[in-house]
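Participant: dropping the sequence and predicted coords here.
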Amino acid sequence: MAEPAALSDPGVPRAGLAVTLRGVTKVYDNGIAALGPLDLDVRKGEFVSLLGPSGCGKSTALRLIAGLSAPTSGSVGVAGPVSANGARHSIGFVFQEPTLMPWATVRENVRLPLKLSRVPAAQAAERVRAALTQVGLADFADAFPRELSGGMKMRVSLARALVTDPDILLMDEPFAALDEITRFRLNNDLLALWRDLRKTVIFVTHSVFESVYLSQRVIVMTARPGRIGAEFRIDAPEPRAEEFRTSADYAGYCRRVSGALEPSCQGQAV
Amino acid sequence: MGALPSSPLATGQANVGSRPLVLLRILLPVIVLAAGIAAWELVVRLNDIEPYVLPAPSVVFQTLVGDWPVLSQSLLTTLLTTLEGFVAAAFGGIVLALLFNQSKWLEYSLFPYAVILQVTPVIAIAPLLLIYLPQQTAVVACAWIVAFFPVLSNTTLGLNSVDRNLAGLFQLYGASRMQTLRYLKLPAALPHILGGLRIAGGLSLIGAVVAEIAAGSAGAGSGLAYRIAESGYRLNIPRMFAALLLLSAAGIVIYAALALTSHLVLRRWHESALGKDN
């Protein structure tokens, strides 16, 4: 899969890896060092969380992986082909806000990535239907975003990321703005989707509980400029569900991850 | 600005609140209007004021009916000029904004001149235009000059206020410039464009009137504003009022039509077209 890109992209990951970051830094135009140097390998099919305080550069890292901004130094390698128009079809991105087009129906919003890469209409319609079914919104295809609740909008956003059948799903604090009940439900649904589809997920969050609940691996980042402060494997039995949330294991993991997060937050104005 | 209704927010807020409140908002101005006309009529009758000093509303109305053949012809001329100016302004403003959006060089080179054109009083430009252009073209040009800037600046604002993350999404999926323009920037700018058009509608009428008056002082023309100027010279005050009434009505209709269009286009998704409870 990585072979076609290997010619043009020196930073292409080794076999079995989905994403490789090597010595990546990002310094913004205003001189603020946001990130790094950061080294990170994400295996194919892995669910990794980047956890850290606000402004530690976790979103920046995600944007670098997506190719939405370029690193100041270092290399970013992503498995999968790059199409002629520069699109990374191997990547789906879910933003912190639903980021839907308010003027378009749910169906049109989900269809957007296919429309941009000129997938034939009939084929696109089928894939949109499938993606909406995956997130449980098949009945809302003709609704406008404003008619949906916050959780449903986020599901649309997720369906749009899934519609191209990407290998890698990048999620930037997708559930941060939702109430807890909705967030828990979406956590469970996301886990179920991940079990079914076995995509690589890189999930940015500032919630210890969310990161431990969802991930196989939690990467705790330091305050700006963001670096890897600590790493935890969460070896909880699969499939995880609500009972994991209340288990002693879960509480133990959360305690340790919180402990590692503590130094990152020190000296930060809150 | 007499052509605009007293409350520019009326259409935006009409669907806020309960039915009786809506009724009240329509009824109150109507009552004020009726009272004003009655008082005017009374003052003229009680004081026996001559029509060439201040015509009573009834006389103005009689003139409106009696002079209808002349006035309607003039109204048509003015409306046509306004429409031509408006279409030219809408087209010119949007196209220029799109070009500016695609090329910063073009924007930096030309935008100052758009501003200069806007801030120079059109009434001062009109006589010059009338020298260099055929009269009808000059009048349309005046309407265009005053009306295109709000379309240009609003469209520019709209094109630049695209959601950053949505723009990132388009970039991620490798959208071409045309695709980004068509599927993202134009729809995102639509509310702003429509707002600009709403202003441009009223302004193109003003532009047309200004140019007609300038042309009228040169003794040529046939629009409503020319009728006003001409009637002024002849001390035909009732006809001045009748023509003014028509101009005002035309302005209201243009504004209402554009506000309605904007509402119909945006009602499914944009905040401005939604009630509080939605």
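Facilitator: Nice, I can see it.
Participant: so where's chain B uncertain?
Facilitator: Within chain B, the stretches with pLDDT under 70 are B:1-18, B:217-221, B:273-278.
Participant: look through it and state the residue closest to chain A.
Facilitator: Nearest residue of chain B to chain A: B:G174, at 2.7 Å (Cβ to the nearest Cβ). Placement of C-beta: from N, CA and C, glycine included.
Participant: helix, strand, or coil at that residue?
Facilitator: coil (DSSP: H, G, I helix; E, B strand; the rest coil).
Participant: isn't it right next to A:L116, touching?
Facilitator: Yes - taking Cβ atoms under 8 Å as the definition, B:G174 is a contact partner of A:L116 at 6.7 Å.
Participant: who has more neighbours, the two?
Facilitator: Neighbours were counted for B:G174 and for A:L116 using other Cβ atoms under 10 Å in any protein chain shown; A:L116 has more, 22 against 19.
Participant: any idea how far chain B is from the more buried one?
Facilitator: If you measure A:L116 against chain B using Cβ to the nearest Cβ, to the nearest Å, the figure is 4 Å.
Participant: and that residue, what are its phi and psi?
Facilitator: When quoted as degrees, to the nearest 10, the phi and psi of A:L116 stand at phi -70, psi -30.
Participant: now the helices for chain A?
Facilitator: Secondary structure of chain A by DSSP state H: the helices cover A:3-6, A:58-66, A:106-116, A:121-134, A:150-162, A:180-197, A:208-214, A:242-245, A:248-265.
Participant: columns mean pLDDT and distance to A:A141 on top of these, output as JSON lines?
Facilitator: Below are those laid out as JSON lines (pLDDT from 0 to 100; distance: least, Cβ to Cβ, whole Å):
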{"stretch": "helix A:3-6", "mean pLDDT": "39", "distance to A:A141": "34"}
{"stretch": "helix A:58-66", "mean pLDDT": "87", "distance to A:A141": "27"}
{"stretch": "helix A:106-116", "mean pLDDT": "92", "distance to A:A141": "4"}
{"stretch": "helix A:121-134", "mean pLDDT": "90", "distance to A:A141": "6"}
{"stretch": "helix A:150-162", "mean pLDDT": "91", "distance to A:A141": "10"}
{"stretch": "helix A:180-197", "mean pLDDT": "88", "distance to A:A141": "18"}
{"stretch": "helix A:208-214", "mean pLDDT": "87", "distance to A:A141": "28"}
{"stretch": "helix A:242-245", "mean pLDDT": "81", "distance to A:A141": "30"}
{"stretch": "helix A:248-265", "mean pLDDT": "79", "distance to A:A141": "37"}
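Participant: for B:E50, find the nearest of those.
Facilitator: Evaluated over the helices of chain A, closeness to B:E50 peaks at helix A:106-116, with 66.4 Å, by Cβ to Cβ.
Participant: shaky segments in the stretch 1-150 of chain A?
Facilitator: A:1-12, A:81-89.
Participant: residues of it that sit close to chain B?
Facilitator: A:63, A:66-68, A:83, A:85-88, A:91, A:93, A:95-97, A:99, A:101-104, A:112-113, A:115-117, A:144-146 (Cβ under 8 Å from any Cβ of the partner chain).
Participant: got the residues of the stretch 151-278 of chain B near chain A?
Facilitator: By Cβ under 8 Å from any Cβ, the part of the stretch 151-278 of chain B that sits against chain A consists of B:163, B:165-166, B:168-176, B:179, B:183-184, B:187-188, B:190, B:268-270, B:274, B:278.
Participant: buried subset of those residues?
Facilitator: Burial by neighbour count, 16 or more other Cβ atoms under 10 Å in any protein chain shown: within these this picks out B:163, B:165-166, B:168-175, B:179, B:183-184, B:187-188, B:190, B:269-270.
Participant: neighbours of the closest residue to B:F111 other than its chain neighbours, how many?
Facilitator: Excluding the flanking residues, the one nearest B:F111 by Cβ to Cβ, 6 or more residues apart in numbering or on different chains is B:F100, at 6.7 Å. Neighbour count for B:F100, taken as other Cβ under 10 Å: 22.
Participant: now the helix or strand B:F100 falls within, how far from the chain's geometric center?
Facilitator: Assigned by DSSP states H and E, B:F100 belongs to helix B:68-102. From the chain centre to the centre of helix B:68-102 is a distance of 9 Å (Cα atoms, centre = their mean, to the nearest Å).
Participant: how about that helix: buried residues?
Facilitator: Per 16+ other Cβ under 10 Å, helix B:68-102 contains these buried residues: B:71, B:74-75, B:77-79, B:81-90, B:92-94, B:96-98, B:100-101.
Participant: wait, doesn't A:Y253 sit right on A:F232?
Facilitator: Yes - under the criterion of Cβ under 8 Å, A:Y253 makes contact with A:F232 at 6.8 Å.
Participant: who has more neighbours, the two?
Facilitator: A:Y253 (24 against 19).
Participant: check contacts around that one.
Facilitator: Listed by Cβ atoms under 8 Å, 6 or more residues apart in numbering or on different chains, the contact partners of A:Y253 are A:212, A:232, A:234, A:236.
Participant: I figured A:P53 was touching A:A223, is that so?
Facilitator: Yes - with contact defined as Cβ under 8 Å, A:P53 reaches A:A223; the gap is 5.8 Å.
Participant: could you count how many residues lie near A:G16?
Facilitator: A:G16, neighbours per other Cβ under 10 Å, totals 10.
Participant: isn't it right next to A:V42, touching?
Facilitator: No - with contact defined as Cβ under 8 Å, A:G16 does not count as touching A:V42 (10.4 Å).
Participant: give me the common contacts of A:Y253 and A:F232.
Facilitator: Shared contacts of A:Y253 and A:F232 (Cβ under 8 Å, 6+ apart): A:V212.
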